[in-house]
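>>> fold the following.
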Amino acid sequence: MSALLAVAPVIEDPAFTAPVIEYADLAPILVILVAAVIGVLVEAFAPAWARRTLQLAVAFGAIVVAFGTVVINASTRLIAAQGSVAVDGPALFLQGTVLLLAFCGLLLFAEREVDPAGDAFAPRATSLPGSAEERDLAVKQVTQTEVYPLAMFALAGMVLFPAANDLLTMFVALEVLSLPLYLLAGMARRRRLLSQEASLKYFLLGAFSSAFFLYGAALLYGFSGTISISGIGLAAGATVGRDPLLLFGVALVAVGLLFKVGAAPFHQWTPDVYQGAPTAVTAFMAACTKVAAFGALLRVFYVALGPVRWDWRPMMWGIAILTMLVGSIIAITQTDIKRMLAYSAIAHTGFLLVGVLAVSAEGISSTMFYLLAYGATTIAAFALVTLVRSGSGEASHLSQWAGLGKRSPLVAGLFAYYLLSLAGIPLTSGFTAKFSVFSAAVAADATPLVIVGVIASAIAAFFYVRVIVLMFFADPAPDGPTVAIPSGMTVSAISIVTVISVVLGLFPQPFLDLAEQAGVFLR
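The predicted structure is shown next:
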């Protein structure tokens, strides 16, 4: 029998060919995924006293390597992984932005882990009293090192999301980035009930939005016969008249993506999750998720739905106007600093949609620049929130920030700068970002949308300035807030994002040029 097998001819199926995977071009995604898997193995097998150090080394090392591969692939333009992943200018620019912001966000994880009440992170084993066995047990009880592999899995989804070139891959990326965030949002130790409520709300609403996205993808497949984003665009361009499958598919896919960016009326989860989640998680989520989600939204609406823009633009106009006004007006009524920043994020989603609605190369580049500027400012703002303390933990109520400028001028001054940047005051990165998206919209005959954006910006400036006045012109209470002394991790995070924000505000042109060069989708 073995002799017969040895001489038997090998019959090859001509219909089957092995898939070609461009590993070097997909390196940013693969490196983060491998690091996430290694993080799980470290969590399972490494001793408790070494677990945190190993997790930090794996996470930060992977992000640095992945960012390096993005830079190496900067000139690469191809459709990889059998057509499922696009390696083009917008994908690479947004991947680099996500990785840079994630590096800073994980620095906050490393400092304060996941406690919204402001507890210091778990102490190192060597700093704890008692025997080695007692120290090991104490570390097991208070250290939440599982946040690192969870964050890396979420980051892998974020890196894949803006590069996904078919709806199935995009859905997988959506779930990979979402599921770890649902868990991370509920991992606070002190405010456990508030945190778990936030996690449950995020999970339930996120599940509904994923279902909308998947059903919309099925309708678009029924319309075009393909899940390829460029294939859907070709089918949409060849359609005469309005196909119900196309219109309903566009609406349902839009719901899934607009939920992820936090646009009204799909924004209800945002303030609750931002408030209840650990502040480090909130910073990571607010900056990185928005960048990844807008990258996916840009690809879908520009590549797949560009030929039918006249069908979806009126709907998106209404959503952009509603988002800007809801975020700006409701933020005025907030008394919790994290909820105020959450509604600020909703308003900025509306400003970003103004750039998307330009439906032009300028719209792509200005939106990508805005995402970088906004992400840096947001991480810096939440990093400072973790430092302002009251007797019960983080001083989240606005009244507790009264007189902070007299107690800690540096922290109050930095926070005031970030608020002014979010308000779009000249010489800040926020002003340059808003000016670029508004200019792109005016060039695309969307001037009424820009007028609403300017009005919303003026309304938003009120609650930003209100906090500044409270910090510098109100007297501090006797038991007013104190400012924790940050460690090197937090100082590094704040320093990096502050440099990014200042440079984007004072010397924006090189970055605008880079975004313009990268602002072309492969089709």
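
>>> CA atoms for contacts and neighbours, from now on please.
Fine.

>>> SS state for residue 358?
Secondary structure, DSSP: H, G, I helix; E, B strand; the rest coil: residue 358 is coil.

>>> next one: phi and psi at it?
Dihedral pair for residue 358: phi -70, psi -30, per degrees, to the nearest 10.

>>> which residues does it contact?
440, 441, 442, 443, 444, 446 (Cα atoms under 8 Å, 6 or more residues apart in numbering).

>>> of those, which is the nearest to residue 197?
residue 441 (38.8 Å; Cα to Cα).

>>> what segments of the stretch 301-450 of the chain are strands?
Assigned by DSSP state E, counting those that start in this stretch, the strands in the stretch 301-450 of the chain fall at 388-390, 393-394.

>>> which other helices and strands does the longest one contact?
Going back to what we said before, that points to strand 388-390. Contact here means 3 or more Cα pairs under 8 Å, 6 or more residues apart in numbering; DSSP states H and E; on that basis strand 388-390 packs against strand 482-483.

>>> list the buried ones in the helix or strand following the strand it packs on?
Using DSSP states H and E, the helix or strand that follows strand 482-483 in sequence is helix 488-506. Using 16 or more other Cα atoms under 10 Å as the test for burial, helix 488-506 gives 489-491, 493-494, 496-498, 500-505.

>>> hmm, residue 81 and residue 20 touching each other?
Yes. Residue 20 lies in contact with residue 81 (Cα atoms under 8 Å); the separation is 6.5 Å.

>>> among those two, which residue is more densely surrounded?
The neighbour count for residue 20 versus residue 81, taken as other Cα atoms under 10 Å, is higher for residue 81 (16 against 10).

>>> next, the contact list for the spatially closest residue to the more buried one that is not a sequence neighbour, please.
Nearest residue to residue 81 in three dimensions, chain neighbours excluded: residue 21, at 4.9 Å (Cα to Cα, 6 or more residues apart in numbering). Residues near residue 21 by Cα under 8 Å, 6+ apart: 80, 81, 82.

>>> quick one: the residues you listed as JSON lines, columns for distance to residue 262 and pLDDT too.
Shown next, in JSON lines, are the contacts of residue 21 (distance: Cα to Cα, whole Å; pLDDT from 0 to 100):
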{"residue": "80", "distance to residue 262": "30", "pLDDT": "90"}
{"residue": "81", "distance to residue 262": "30", "pLDDT": "89"}
{"residue": "82", "distance to residue 262": "32", "pLDDT": "87"}
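
>>> which among those residues gets closest to residue 404?
For the contacts of residue 21, the minimum distance to residue 404 (Cα to Cα) is 52.0 Å, reached by residue 80.

>>> what about the closest one, how many residues nearby?
As a measure of burial, residue 80 has 19 neighbours, counting by other Cα under 10 Å.

>>> dihedrals phi and psi, it?
According to degrees, to the nearest 10, residue 80 has phi -110, psi 170.

>>> kindly report the same for the one 4 residues further on.
Summarising the backbone geometry of residue 84 under the convention degrees, to the nearest 10, its torsions are phi -90, psi -20.

>>> need the three-state assignment for residue 79.
Criterion first, three-state DSSP; result for residue 79: strand.

>>> quick one: contacts for the residue nearest to residue 292 when sequence neighbours are not counted?
Nearest non-adjacent residue to residue 292, counting by Cα to Cα, 6+ apart: residue 158, 5.1 Å away. By Cα under 8 Å, 6+ apart, the residues touching residue 158 are 95, 98, 173, 174, 177, 288, 289, 292, 293.

>>> list the buried ones in the strand or helix carrying residue 158?
Assigned by DSSP H and E, residue 158 belongs to helix 147-160. Using 16+ other Cα under 10 Å as the test for burial, helix 147-160 gives 147-160.

>>> picking up where we left off before, inside strands: which ones of the contacts of residue 158?
Among these, none falls in strands (DSSP state E).

>>> possible to save those as a markdown table with distance to residue 250 and neighbour count?
Shown next, in a markdown table, are the contacts of residue 158 (distance: Cα to Cα, whole Å; neighbours: other Cα atoms under 10 Å):
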| residue | distance to residue 250 | neighbour count |
| --- | --- | --- |
| 95 | 25 | 29 |
| 98 | 26 | 26 |
| 173 | 19 | 25 |
| 174 | 17 | 27 |
| 177 | 22 | 26 |
| 288 | 25 | 30 |
| 289 | 22 | 27 |
| 292 | 19 | 30 |
| 293 | 16 | 23 |
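
>>> average pLDDT for whichever strand or helix holds residue 217?
Secondary structure assigned from DSSP H and E places residue 217 in helix 192-224. Mean per-residue pLDDT for helix 192-224: 92.
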